[in-house]
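Visitor: give me a model of this one.
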Amino acid sequence: MYSIETAFERRWVTRAAAAAMLVVIASCTPSSATPDDPRLARLLEDRQAIWQAWFTNDRSRLEQLLPNSVIAINNGDTTWQDRSAVIAAAEAFARSGGRLVSLNFPRTEKQVYGDVAILYSTYVAELEQKGRKSVLRGRATEVFVWRNGVWQNAGWHLDGGC
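Guide: Below you'll find the predicted structure:
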């Protein structure tokens, strides 16, 4: 059982920690990039490119846009993928005869913190495999890092929640 003094001290520490967290969050506000900032346009282009590269098994583009430390969490998978697993999955999709018909991101929200950007999106991918079309829909949270003049996709989490 806690004494009144201990309960008071715990509440004070909890409030102090919450106040400190608010200070940290406030100091990490997104950059004030303008809509015509070329890096922001490049961000969406590189996001589109990485998805296209995966579905078309463009290994050289994948290697350019995926850092060695990438971590991917895909909808329905029980394991997380590293770079070699992501590249192997793209190759397996291509070997299976899968083809990307169309890819759209109906909604995207951006947060940019210097050389790091986070995209929150909904996606719709129409695929064709063995003459049958299917549609994948979901949400994506993706982290990008600006390196060597491109936005590398350092990690993502996909779910089917839309």
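Visitor: ok, the helix or strand containing residue 127: who's next to it in the sheet?
Guide: Using DSSP states H and E, residue 127 sits within strand 116-129. The pairing partners recorded for strand 116-129 under DSSP bridges are strand 99-113 (antiparallel), strand 132-147 (antiparallel).
Visitor: which other residues reach it?
Guide: 43, 47, 51, 55, 96-111, 133-146, 151, 158, 162 (CB atoms under 8 Å, 6 or more residues apart in numbering). All C-beta spots, glycine's among them, are computed from the backbone N, C-alpha and C.
Visitor: do that again at 7 Å, thanks
Guide: Outside strand 116-129, the residues within contact range by CB atoms under 7 Å, 6 or more residues apart in numbering are 43, 47, 96-111, 133-145, 151, 162.
Visitor: distance from the chain centre to that strand, please.
Guide: 9 Å (CA atoms, centre = their mean, to the nearest Å).
Visitor: could you dump that strand to PDB, C-alpha only?
Guide: This file holds the C-alpha atoms of strand 116-129, laid out as PDB (Å, rounded to 0.1, in the frame of the first residue of the first chain):
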ATOM      1  CA  VAL A 116      13.400  12.500 -42.500                       C
ATOM      2  CA  ALA A 117       9.900  12.300 -43.800                       C
ATOM      3  CA  ILE A 118       6.900  10.300 -42.700                       C
ATOM      4  CA  LEU A 119       4.000   9.500 -45.100                       C
ATOM      5  CA  TYR A 120       0.600   8.300 -43.900                       C
ATOM      6  CA  SER A 121      -1.400   7.100 -46.800                       C
ATOM      7  CA  THR A 122      -4.200   5.000 -48.100                       C
ATOM      8  CA  TYR A 123      -3.400   2.900 -51.200                       C
ATOM      9  CA  VAL A 124      -5.200   1.000 -53.900                       C
ATOM     10  CA  ALA A 125      -3.200  -1.400 -56.000                       C
ATOM     11  CA  GLU A 126      -4.900  -3.300 -58.900                       C
ATOM     12  CA  LEU A 127      -3.000  -6.500 -59.700                       C
ATOM     13  CA  GLU A 128      -3.300  -9.200 -62.300                       C
ATOM     14  CA  GLN A 129      -2.100 -12.700 -61.700                       C
END
